[in-house]
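> Following is a predicted model, sequence given first.
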Amino acid sequence: MKLPVLNAAHLLRGMCRYSLRLPLCRDNAPFVHQQCFRSTCIAASDHQYNSNARMPNALWNSTSYAHDQRIRLWHHASKSFSTSCAWKTGTDEERAAGSKKPGFFDLSHTATKKNFNRWMALPPVMAIQGSIGSLYAWSIFNGPLTREIGVIASSSLDWSLGEVVPIFSTTAVVFGCSVWGLGKYFEKIGPRQAGVMSAVLWGSGLAVSGLGTAMHSLPLLYTGYGILGGLGFAFGYISPMANMLTWFPDNRGRATGIVVGTFGAGALLCAPLSEFLFTKYRQLPQYLGMAEDVNIVHEGGIQLAKVGDAWSEIVVATSEVINANPGVVEGGVYVAGTGDTGVAATFLTLSALYTATMLAGALCQKLPQHVIDAHSSAPKAAAVSAEPYVPIGNLLKVPQFYLLWLGVAGNAMAGVAILSCAKTIMSEIFGSQLPLYVDGAFAASYVAGLSVANLGGRMLWAASSDSIGRKQTYMMFGILGVPTLLAIPSVTHMMAVDPSATPVWAFVAGSSLLISCYGGLLGVLPAMVSDTFGAKNTASIFGRCMTGWATAALVGPRLMTMLRESSYHDAVSDLASKVDTDVFVEKFGDSVENVHALVDTKVVTIQRLLEVLPAGTLDPTASLYDTTMYAMAGALGVALMCNAAIRPIDAKFFVVDKAAETGVSSNKEQKC
């Protein structure tokens with residue numbers, strides 16, 4: 001007799017018919033599922049073949065052929081059943097998750113082996129934090145960007161300091177908005193995926209900045225360093241910081257101090273590296289000769305000279321420029337737009353370097369096993385907290401949040417303003433008086449030194465807060481910072497009267513103390529948030545408090561440049577009034593009444609005015625930042641009062657997860 005051959009259609013039709021008669025075994029153990037399925041397959045095959053007139057019942061039930069066909073059916077169908085059948089254990093969410101293979105960025109891939117040394121989780125985090133910490137070296141780029149076309153001096157087409165400094169503020173604002181709106185998302189994706197996204201965004205931001213510099217496009221520069229860089233900053237800052245809190249729950253102050261300290265030290269490498277790259281890629285513009293040998297024409301406040309058959313804008317190397325670049329720049333006239341400061345190539349080089357470093361750090365991120373287990377379990381279990389905490393919904397109802405926010409903004413304003421213009425301040429105030437002592441290398445070293453102060457403040461103040469308390473530590477920032485800011489103008493005036501190294505180092509010491517307090521502010525903040533509002537939502541609340549820092553980064557540098565420009569115009573007007581009218585017209589090609597227009601086109605500067613004034617005229621450059629320091633002292637005083645007003649939060653705003661309470665009571669019953 002010719003035996004029939006089983007096929008998929010027979011199997012599926014038989015299984016569907018027979019399964020209607022089986023009890024529902026959805027929530028039973030896997031063994032029951034297997035037995036149920038095996039019985040279904042065999043019964044379905046019996047039903048299918050018994051209904052087929054081509055084979056008698058007796059032959060099907062008695063021959064070894066039936067046994068072989070049943071075994072073959074079982075193995076053939078079990079593969080498709082395991083992935084398609086709805087009879088699996090657990091909830092719908094668990095079955096859906098179980099059917100998907102974990103992706104590369106799944107938290108399970110960040111699991112550590114047994115006896116893993118938790119200190120080994122630090123280097124990958126430090127690689128990311130140190131890279132995005134190069135943000136604090138932004139002042140290194142201020143000067144070259146304001147003379148990108150003139151190269152040795154600013155031309156009429158170059159950007160002003162007021163246009164360049166807000167790029168730093170834009171980065172901070174994008175960071176603040178990101179951590180406010182994406183705080184929960186950062187926690188969800190984990191440190192590895194956040195690190196990779198940070199590397200891509202930060203690296204592409206630097207690359208776009210290089211492109212914008214090469215094309216002399218300010219919107220591209222803001223898009224690259226401001227928007228893309230700000231997003232990369234947010235992804236690379238919050239998640240690694242939260243990761244360190246999971247590794248060091250027993251010492252939160254020190255853990256966050258190490259993380260944010262590495263971030264603060266980012267400029268320690270970036271500042272000298274950028275200066276080296278500027279020198280390597282720099283190309284001087286075309287040299288026309290000494291000023292007295294070149295026919296210079298003034299038109300609309302712009303200096304022009306004939307180059308070949310065309311008139312081109314020129315810049316003149318003053319004594320300040322020559323002293324700042326000894327052996328590099330000669331005195332005389334240069335053609336604007338024919339050289340290169342090297343900033344564009346520097347941005348591109350840093351993009352490649354930091355992208356590679358951050359990707360390596362991101363791919364090596366590790367999480368403690370208990371954190372992975374919590375994320376792998378049911379969502380409700382992962383959200384349980386046995387400690388009281390202030391939920392996000394109650395955050396805006398407590399006055400302590402607003403006081404802490406204002407304290408962060410006020411404390412950060414002075415530090416972020418100094419960091420954004422550190423090299424510019426040093427070069428302007430002291431470089432003009434001691435050009436052989438305070439040169440470009442000294443100014444770059446000063447920026448790197450501020451990074452050391454930033455690093456030390458974040459680590460030392462954070463560790464000290466574990467002993468003296470978070471609030472007391474914040475109070476110290478105001479107690480030390482306000483007198484220092486009020487004393488800095490007196491120190492800078494000493495330079496104008498008697499130029500020497502003493503006021504230089506006094507200013508370095510005072511500004512380093514301020515930056516140390518600024519670093520301590522950010523080093524203590526995560527632990528302060530955790531102690532004040534509870535540990536559960538630390539990352540989310542920390543992100544909201546960091547919008548205070550973003551506000552300070554937006555207002556502080558902008559306020560500094562506005563006050564500085566106002567002081568600069570006042571100083572120029574005062575000096576111009578002392579210059580003979582005929583001498584002024586001969587020197588600058590226009591009348592004294594148009595001095596402010598000549599300042600805007602970079603034709604008139606304080607140094608060029610001093611060249612035509614009698615010897616011994618005091619240089620007003622030392623007083624350009626006086627009003628800025630007084631304004632920052634006022635902001636720091638407000639922060640001090642806000643920190644003093646912080647009290648413990650009323651217990652009615654705290655909650656404890658019910659599941660945690662149930663778990664605690666169950667544990668007590670089991671112990672009894």
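Perfect, I can see it now.
> for T627, what are its contacts?
Residues touching T627, when contacts are defined by CB atoms under 8 Å, 6 or more residues apart in numbering, comprise 563, 566-567. Glycine gets a C-beta too; all of them are placed from N, C-alpha and C.
> Kindly provide the distance from F401 to I392.
Shown here: F401 relative to I392, a distance of 11 Å by CB to CB, to the nearest Å.
> For this protein, which segments count as strands?
Taking DSSP state E as the criterion, the chain carries its strands at 287-289, 296-299, 302-307, 310-317, 332-335.
> who touches both of F401 and I392?
Listed contacts common to F401 and I392 are I541; contacts here mean CB under 8 Å, 6+ apart.
> thinking again about what came up before, among the strands of the chain, which is nearest M413?
Nearest of these to M413, taken as CB to CB: strand 310-317 at 34.7 Å.
> could you give the angle of the closest one to strand 302-307?
Following axes from the mean of the first three to the mean of the last three CA atoms, to 10 degrees, one obtains 120 degrees for the angle between strand 310-317 and strand 302-307.
> Looking at F401 and I392, which is more packed in?
F401 (21 against 15; other CB atoms under 10 Å).
> which ones are touching V259?
Under the contact definition (CB under 8 Å, 6+ apart), the residues listed for V259 are 125-126, 129, 240-241, 244.
> TSV please, covering the residues you listed and showing pLDDT, distance to L525 and neighbour count.
Converted to TSV, these look like this (pLDDT from 0 to 100; distance: CB to CB, whole Å; neighbours: other CB atoms under 10 Å):
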residue	pLDDT	distance to L525	neighbour count
V125	83	17	28
M126	84	19	21
Q129	86	15	27
P240	70	15	30
M241	69	10	24
M244	70	14	24
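> Can you tell me which of those is nearest G431?
Q129 (31.5 Å).
> ok, that closest one touching N243?
No: contact between Q129 and N243 fails when scored by CB atoms under 8 Å: they sit 10.9 Å apart.
> hey, what's A305 bridged with?
A305 has these beta-bridge partners by DSSP bridges: I296, S312.
> Count the residues that sit near it.
Per other CB under 10 Å, the neighbour tally for A305 reads 20.
> what residues are up against it?
By CB under 8 Å, 6+ apart, A305 lies in contact with 288, 294-297, 311-312, 314, 333, 335.
> Please apply the same query to V655.
Under the criterion of CB under 8 Å, 6+ apart, the contact list for V655 reads 388-391, 394.
> Restricted to helices, list those.
Secondary structure defined by DSSP state H assigns N394 of the contacts of V655 to helices.
> Now list the buried members of the contacts of V655.
In the contacts of V655, burial by neighbour count holds for 388-390, 394, counting by 16 or more other CB atoms under 10 Å.
> is it possible to export those to a markdown table including pLDDT and distance to V508?
Compiled in a markdown table, the buried ones among the contacts of V655 are given as follows (pLDDT from 0 to 100; distance: CB to CB, whole Å):
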| residue | pLDDT | distance to V508 |
| --- | --- | --- |
| P388 | 85 | 46 |
| Y389 | 84 | 43 |
| V390 | 87 | 42 |
| N394 | 86 | 45 |
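> Closest one of those residues to G150?
For the buried ones among the contacts of V655, the minimum distance to G150 (CB to CB) is 54.5 Å, reached by V390.
> Quickly note the distance from the closest residue to the closest one other than its chain neighbours to R608.
Excluding its sequence neighbours, the residue lying closest to V390 (CB to CB, 6 or more residues apart in numbering) is F533, at 4.3 Å. Distance, F533 to R608, using CB to CB: 56 Å.
> higher neighbour count, those two?
Of the pair F533 and R608, F533 is the one with more neighbours under other CB under 10 Å, namely 28 against 20.
> Quick one, which of the contacts of A305 are buried?
For the contacts of A305, burial is judged from neighbour counts taken by 16+ other CB under 10 Å, and it is met by 288, 294, 312, 314, 333, 335.
> Pipe those residues into a markdown table and attach distance to L182 and pLDDT per row.
Conversion of these to a markdown table gives the following (distance: CB to CB, whole Å; pLDDT from 0 to 100):
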| residue | distance to L182 | pLDDT |
| --- | --- | --- |
| L288 | 54 | 90 |
| V294 | 56 | 87 |
| S312 | 49 | 91 |
| I314 | 49 | 90 |
| V333 | 52 | 89 |
| V335 | 48 | 93 |
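> Those: which two are farthest apart?
With distances taken as CB to CB, the most widely separated pair in the buried ones among the contacts of A305 is V294 and S312, at 11.4 Å.
> that older thread, as CSV, the buried ones among the contacts of A305 with distance to P499 would be great.
Conversion of the buried ones among the contacts of A305 to CSV gives the following (distance: CB to CB, whole Å):
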residue, distance to P499
L288, 33
V294, 32
S312, 37
I314, 31
V333, 29
V335, 34
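> Pretty sure M126 sits against G361.
Yes: distance between M126 and G361: 7.5 Å, which falls inside the contact criterion (CB under 8 Å).
> Return every residue with contacts to both of the two.
Common neighbours of M126 and G361, counting by CB under 8 Å, 6+ apart, are absent.
> Skip the chain neighbours and tell me the closest residue to F442.
The shortest distance from F442 to any residue other than its chain neighbours is 7.4 Å, reached at M426 (CB to CB, 6+ apart).
> just the buried ones among the contacts of A305 now: which is nearest F235?
F235 has its nearest neighbour among these in V335, at 43.4 Å by CB to CB.
> picking up where we left off before, distance of the residue nearest to F442 from A344?
In this structure, M426 and A344 are 24 Å apart, going by CB to CB.
> So between those two, which is more surrounded?
Set M426 next to A344 and count neighbours by other CB under 10 Å: M426 wins out with 23 against 20.
> right, and that one touches Y446 too?
Yes: with contacts defined as CB under 8 Å, M426 counts as touching Y446 at a distance of 5.0 Å.
> The strands of the chain: which one's closest to G150?
Of these, the one closest to G150 (CB to CB) turns out to be strand 310-317, at 4.2 Å.
> helices and strands around the closest one, which ones?
Other helices and strands packing on strand 310-317, by 3 or more CB pairs under 8 Å, 6 or more residues apart in numbering; DSSP states H and E, are strand 302-307, strand 332-335.
> Could you count how many residues lie near the closest residue to V604 other than its chain neighbours?
Spatial nearest neighbour of V604, excluding adjacent residues (CB to CB, 6+ apart): L598 at 4.0 Å. Neighbouring residues of L598 were enumerated by other CB under 10 Å; the total is 23.
> In stretch 185-192, which residues are buried?
For stretch 185-192, a neighbour-count test (16+ other CB under 10 Å) marks 186-187, 189-192 as buried.
> so how far is that stretch from its chain's centroid?
Here stretch 185-192 is found 15 Å from its chain centre; the criterion is CA atoms, centre = their mean, to the nearest Å.
> Please work out the average pLDDT along that stretch.
Stretch 185-192 shows a mean pLDDT of 74.
> Need the CA coordinates for that stretch. PDB is fine.
Listed in PDB are the C-alpha atoms of stretch 185-192, where the atom choice follows Å, rounded to 0.1, in the frame of the first residue of the first chain:
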ATOM      1  CA  TYR A 185      15.500  59.200  28.100                       C
ATOM      2  CA  PHE A 186      19.100  59.400  29.200                       C
ATOM      3  CA  GLU A 187      18.200  56.900  32.000                       C
ATOM      4  CA  LYS A 188      16.400  54.600  29.600                       C
ATOM      5  CA  ILE A 189      19.000  54.200  26.900                       C
ATOM      6  CA  GLY A 190      21.900  53.600  29.300                       C
ATOM      7  CA  PRO A 191      25.500  54.900  29.400                       C
ATOM      8  CA  ARG A 192      26.800  53.000  26.400                       C
END
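> What separation do you get for S511 and S154?
25 Å.
> These two - which one has more neighbours?
The residue with more neighbours, out of S511 and S154, is S511; 25 against 22, by other CB under 10 Å.
> What's the local residue count around the closest residue to that one other than its chain neighbours?
Nearest residue to S511 in three dimensions, chain neighbours excluded: I418, at 5.8 Å (CB to CB, 6+ apart). Number of residues near I418 (other CB under 10 Å) recorded here: 26.
> I418 is in contact with I425, isn't it?
Yes: using CB under 8 Å, I418 makes contact with I425 at a distance of 7.1 Å.
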